[in-house]
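Asker: Got a predicted model here, sequence first, then my questions.
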Amino acid sequence: MADHLINILAIESSCDDTAAAVLSNGKILSNIVATQEVHKQYGGVVPELASRAHQQNIVPVIHQALEKANIDKKDLSAIAFTRGPGLMGSLLVGTSFAKSLAMGLNVPLIEVNHMQAHILAHFIEEEGFDKPEFPFLAMTISGGHTQIVKVSDYFDMKVIGETLDDAVGEAFDKSAKILGLPYPGGPLIDKYAREGDPKAFQFTKPKVDDLNFSFSGFKTAVLYFIQKKTKEDPEFVEKNLKDICASIQYTIIGILMDKLKKAVKNTGINQVAIGGGVSANSGIRQALVNAEKKWGWKCFIPKFEYTTDNAAMIGIAGYHKYLQKDFADFSVTAQSRYKI
Ligand code: KG4
Ligand code: ZN
């Protein structure tokens, strides 16, 4: 293998997806994700089970990533891994594995912040996808986070707004649970919403200062609304599922877009990128397409496979750290709370 190639193996294990990817000079050669099904029956991620599943999955997932990339371990230039934020027991599996592998292969170790990686996913080389220019705004919306970030450079990021309680993904998942839909309910709300009337039911939007968000009150509003309506008609949810989902999604997207508009106004930056699991949502994607036409924004919407947790995004973040020779010490530890 020519030695000008920078081959990076990236490992992601912060929540309930065990993922590995191989990149060569920033190009994705493989991107493997094992989604843990065990949590479905509990209606949410069980940390102890997640950690155990990572231990079972990590070796086969990495093998598969190397095999698909057709790269031998000895041709790797560095190992990148998610240091945090995330579930401690889950992060420890990826961190320990990455450290041992880098040590064994005698290659540099690169630690990556999961939330930075969601944003840097926009720098993956993909045909038909433009890369944002600095500075730009990024809204990271997932099951664990809701942030608006001003991105001045690859690793110069500042959170300018975030949720004070639940993440937006939780607002989707908890609303879905109230409707009796299985976990994670976000994609199902999206699916039913496509055929429903978004204005059928009204939910009030929370009033939160500045660029911050709050979603805990929204979930309670959905719960009280459904309880009241099912008292009047026990089949209310069944009869109106599509309209309820469309109305919930419409309200949530409205909350996100109101804050984004405010962020664009406050910063004067109109390049907007989204990332994280909820950026797979068709409503938010459409809202950004509309924003380009209506307000002249330049929007960056990730490819589906780079929205939910994946290792390709860890790899691209690792690649840019490699170029800066920003390597981690072998004493590095996982951090469940890890600020951008
Ligand atoms: O980024 P991610 O995979 O994991 C975290 O870091 O949290 O995000 C998962 C979240 C879940 O809450 C899931 O319901 C939500 O992303 N999600 C969606 C959609 N696809 C995934 N929410 C709404 N619409 C979707 N299409
Ligand atoms: Zn994530």
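Answerer: Noted; the coordinates are in hand. For clarity, every value in this text was computed on a predicted model and none was experimentally measured. Ligands and ions are numbered 1, 2, ... in the order given.
Asker: Can you get me a residue count around Pro108?
Answerer: Neighbours of Pro108 under the rule other C-beta atoms under 10 Å: 19. Any C-beta I mention is one placed from the backbone N, CA and C, and that applies to glycine too.
Asker: Quickly note the distance from it to Asp75.
Answerer: 14 Å (C-beta to C-beta, to the nearest Å).
Asker: cool, and Asp309?
Answerer: Going from Asp309 to Asp75 by C-beta to C-beta gives 26 Å.
Asker: Between those two, point out the one with more neighbours.
Answerer: Asp309 (27 against 17).
Asker: State the distance from that one to ligand 1.
Answerer: 4 Å (C-beta to the nearest ligand atom, to the nearest Å).
Asker: which stretches of the stretch 1-150 of the chain form strands?
Answerer: 7-12, 17-24, 27-35, 78-84, 109-113, 136-141, 146-153 (DSSP state E, counting those that start in this stretch).
Asker: at contact distance from ligand 2, anything in the longest one?
Answerer: Put plainly, it is strand 27-35. No: Strand 27-35 stays clear of ligand 2 (C-beta under 5 Å from the ion), getting no nearer than 11.7 Å.
Asker: Sort out which residues of that strand are buried, please.
Answerer: Neighbour-count burial for strand 27-35, counted by 16 or more other C-beta atoms under 10 Å, picks out Ile28, Leu29, Ser30, Asn31, Ile32, Val33, Ala34.
Asker: If the first one is in a bridge, with which residues?
Answerer: Pointing back at Ile28 there. Leu23 (DSSP bridges).
Asker: same deal with the fifth one?
Answerer: Partner residues in beta bridges with Ile32, using DSSP bridges, are Ala20.
Asker: what residues are up against it?
Answerer: The contact partners of Ile32, taken as C-beta atoms under 8 Å, 6 or more residues apart in numbering, are Ala19, Ala20, Ala21, Val61, Gln64, Ala65, Lys68, Ala311.
Asker: what pLDDT does the last one get?
Answerer: Right, Ala311. What the model reports for Ala311 is a pLDDT of 98.
Asker: again, but for the fifth one
Answerer: Predicted confidence (pLDDT) for Gln64: 98.
Asker: Buried residues of stretch 34-49, list them for me.
Answerer: Ala34, Gln36, His39, Val45, Val46, Pro47.
Asker: what's the spacing between the fourth one and ligand 1?
Answerer: Think Val45. 9 Å.
Asker: and what of the first one?
Answerer: In this structure, Ala34 and ligand 1 are 13 Å apart, going by C-beta to the nearest ligand atom.
Asker: same question, the last one
Answerer: When C-beta to the nearest ligand atom is applied, the distance between Pro47 and ligand 1 equals 13 Å.
Asker: List the residues that contact that residue.
Answerer: Leu87, Met88, Gly89, Ser90.
Asker: Of these - the most surrounded one?
Answerer: For these, counting by other C-beta under 10 Å, the largest number of neighbours falls to Ser90: 29 neighbours.
Asker: what about the strand or helix carrying Asp190 and ligand 2, touching?
Answerer: Per DSSP states H and E: Asp190 is located in helix 186-193. No: using C-beta under 5 Å from the ion, we find that helix 186-193 stays clear of ligand 2, coming within 12.6 Å at best.
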